[in-house]
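Chemist: One predicted model, sequence on top.
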Amino acid sequence: MRSKHNDLDHSSAAPDNELNTLILSLSQPLQLNNSHSLINEGLNKNLKRKRTPEQAKKHREQMHGEPSARYRDKKKKYEAKLKQKILEGKQQIVQLQKDIAQQNKLYAKALWENISLNYGKITAIVTDIDLMLNESFTQSSPPRKI
């Protein structure tokens, strides 16, 4: 049994005119007629439609609204509110620090006045005690004779 390849082998047999024409036509590059060119144009269009992932993402964003553009305003508003809250928080902290400093000054002043008042009272009491001791000492004990 001979293989198909051997059937087409023309080196051993003399080729016909038809066979020779067929072989010559197959060895020549194909000439495209109009239907082939239309197919190729369609294939080229399909190839042109193939997008890279970046191109596909860009196309989706253009067709359906760019997500970054959609959320950009929300993000800006959120960041603005957040910055405002941070600023208000800082202002509250500064105000509280001032209030605490003022209260500390008032407390220190009141404490100093209290200490001064108490020191004055203590000084007066010590002076009174000293006078009383001196009076009692002088009255109760006669002068010593040496």
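Modeler: That came through, no problem. Numbers count the residues shown, from 1 in each chain.
Chemist: okay, CA-based contacts and neighbour counts for the rest of this
Modeler: OK.
Chemist: so where's the longest helix in this protein?
Modeler: helix 67-140 (DSSP state H).
Chemist: mean confidence score for that one?
Modeler: Averaged over helix 67-140, pLDDT sits at 89.
Chemist: Quick check: residue 94 vs residue 20, distance?
Modeler: Look at residue 94 and residue 20: by Cα to Cα, to the nearest Å, they are 102 Å apart.
Chemist: Let's see the pLDDT reported for residue 57.
Modeler: Residue 57 is assigned 78 on the pLDDT scale.
Chemist: Tally up the residues packed near it, please.
Modeler: Neighbour count for residue 57, taken as other Cα atoms under 10 Å: 13.
Chemist: how far away is it from residue 24?
Modeler: Applying Cα to Cα, the value for residue 57 to residue 24 is 50 Å.
Chemist: One more: residue 98?
Modeler: Applying Cα to Cα, the value for residue 98 to residue 24 is 103 Å.
Chemist: cool, and residue 99?
Modeler: Taking Cα to Cα, one finds residue 99 at 105 Å from residue 24.
Chemist: before we move on, what about residue 59?
Modeler: Distance of residue 59 to residue 24, computed by Cα to Cα: 49 Å.
Chemist: which one of those two has more residues nearby?
Modeler: Neighbour count, other Cα under 10 Å: between residue 59 and residue 24, residue 59 has more, with 14 against 11.
Chemist: Give me the secondary structure label for the more buried one.
Modeler: helix (DSSP: H, G, I helix; E, B strand; the rest coil).
Chemist: For it, give me its contacts.
Modeler: By Cα atoms under 8 Å, 6 or more residues apart in numbering, no residues touch residue 59.
Chemist: what residues are up against residue 125?
Modeler: Contacts for residue 125 (Cα under 8 Å, 6+ apart) come out as none.
Chemist: Compute the number of surrounding residues for residue 19.
Modeler: Counted with other Cα under 10 Å, the neighbours of residue 19 add up to 13.
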